[in-house]
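**Student:** Build me a structure from this.
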Amino acid sequence: MIPKEIIVKSLRRAKEERGLRVAEPNNYLSEGHIRKADHNLIVMTDLNKLGHEDWVVISAYYAMYHSAMAVLAKIGLESKDHATTAAVLEYFFGVWKVKRARETVQYGISISYKETNIVMKNTRDFVNKMKIVLNELDKNLIDTIRKNIKELQDLAT
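**Tutor:** Presented below is the predicted three-dimensional model:
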């Protein structure tokens with residue numbers, strides 16, 4: 001399913017627990033998610049030093065996820081569905097890739113993951129990109145994105 005279809009489907013479920021909700025932009029929540037992303041970067045690094053490769057990937061994923069949630073909060077979207085969050089980032093900003101690796105190590109039985117250095121680098125890059133996006137999100141850009149969201153909402157009804 002392409003990101004636009006995922007978003008429209010999730011907007012249809014807006015009244016349910018896992019739907020995508022349109023809310024007011026929330027800088028306080030956005031800043032909280034960035035703090036949590038930064039915390040997860042530290043945890044990721046610490047776990048790597050301890051040799052816990054599987055949890056490196058999991059904490060990397062959550063660093064990315066919280067930085068993504070920071071962007072959503074800033075533009076006024078609430079998502080409790082990871083696939084929807086990824087679809088929003090892909091649709092509006094063209095970014096997101098580590099979800100599959102996190103699912104593999106979190107739900108699988110292996111405790112090793114051979115590409116932890118790549119995951120860590122990509123995670124730091126991703127969180128930094130989300131911080132750049134946050135800094136560039138001014139009122140005009142947020143208004144433009146919200147108009148696009150309204151169009152997607154109209155498709156959902």
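**Student:** Give me the secondary structure label for the most centrally placed residue in the chain.
**Tutor:** The chain has A68 as the residue nearest its centroid, 3.0 Å off, counting by C-alpha atoms, centre = their mean. Secondary structure, DSSP: H, G, I helix; E, B strand; the rest coil: A68 is helix.
**Student:** I'd assumed T85 was in contact with it.
**Tutor:** Yes. Using C-beta atoms under 8 Å, A68 is in contact with T85, at 5.4 Å. Heads up, the C-betas are built off the backbone N, CA and C, glycines and all.
**Student:** Roughly how far does the residue sitting furthest away from the middle of the chain sit from V56?
**Tutor:** Seen from the C-alpha centroid of the chain, the residue lying at the greatest distance (C-alpha atoms, centre = their mean) is L50, 26.0 Å away. From L50 across to V56, the span is 9 Å (C-beta to C-beta, to the nearest Å).
**Student:** what's near enough to touch the residue nearest to the centre of the chain?
**Tutor:** T85, A86, V88, L89, W96, M130 (C-beta atoms under 8 Å, 6 or more residues apart in numbering).
**Student:** Recalculate using a threshold of 7 Å.
**Tutor:** By C-beta atoms under 7 Å, 6 or more residues apart in numbering, the contact set of A68 is T85, L89, M130.
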